[in-house]
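Novice: below are the sequence and a predicted model; questions follow.
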Amino acid sequence: MNLILASTSPYRRRLLERLRLPFTCIDPAVEESVRDGESPQKRARRLAMEKASAVAETLEGEAIVIGSDQVACLDDQILHKPGTPDAAVKQLTASSGQTVHFWTAVSVWTNPEEAATQRVVPCEVKIRLLSTDEISRYVALDQPLDCAGSFKWESLGITLFEAMRTDDPTALEGLPLIALSELLRGIGVSLPLAAQSAQH
């Protein structure tokens, strides 16, 4: 099985490793642009497709390529990766007591003659009311500078939550494994793999 993750994200790599499938990572080098009038769901879907397609176009022979993208929004504002502690504090201050919406898309490409199969998984995160001190301490401890929304739910970020609603909690980290497993089974990948297959 030539399975490729079209991503250099360490979060997506760790998530895919949970399926115990042999895979490699390739940078899709896709510009994550925003298009006027494009909904968050459509943007996530488009970018996941573009990432899978960009990597697939560089390959020879048979392969399975996985692309994924996530868009986070507070009201109608897209929340990008903060990049700096100050920006992370600003995002969390705005999100305090609010609900942040996430849309995570996954695309699986197998055949140049066919469109990739896709799923988009929504997630709502209700952030509890946070004090200025709590926000500053959290950002200093968890350094969520490369995370849209400015928190790592798989780490200390969970302490900021009041509630989370989703069909697939792994979607919040960037790769919805329930949806991905369904897509892989749909193209004949048996999960979980037999132990001997997983070693190769």
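Specialist: Everything's here; your move.
Novice: dump the residue contacts of W153.
Specialist: 125, 161, 164, 169, 172-173 (C-beta atoms under 8 Å, 6 or more residues apart in numbering). (Glycine included, C-beta is placed from N, CA and C.)
Novice: any idea how far V65 is from it?
Specialist: W153 is 27 Å from V65, where distance means C-beta to C-beta, to the nearest Å.
Novice: Q91 too?
Specialist: Q91 is 32 Å from V65, by C-beta to C-beta.
Novice: likewise for L130?
Specialist: Taken as C-beta to C-beta, the span from L130 to V65 is 39 Å.
Novice: between the two, tell me which one has more neighbours.
Specialist: Between L130 and V65, counted using other C-beta atoms under 10 Å, the more crowded position is V65 (26 against 17).
Novice: the more buried one: which element?
Specialist: Using DSSP states H and E, the element containing V65 is strand 64-74.
Novice: let me see the ranges of the strands in this structure.
Specialist: 3-5, 24-25, 64-74, 77-78, 99-109, 117-127, 161-166 (DSSP state E).
Novice: could I get those strands as CSV with distance to S190 and mean pLDDT?
Specialist: Converted to CSV, the strands of the chain look like this (distance: least, C-beta to C-beta, whole Å; pLDDT from 0 to 100):
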stretch, distance to S190, mean pLDDT
strand 3-5, 13, 96
strand 24-25, 20, 96
strand 64-74, 13, 96
strand 77-78, 38, 92
strand 99-109, 15, 97
strand 117-127, 17, 96
strand 161-166, 26, 97
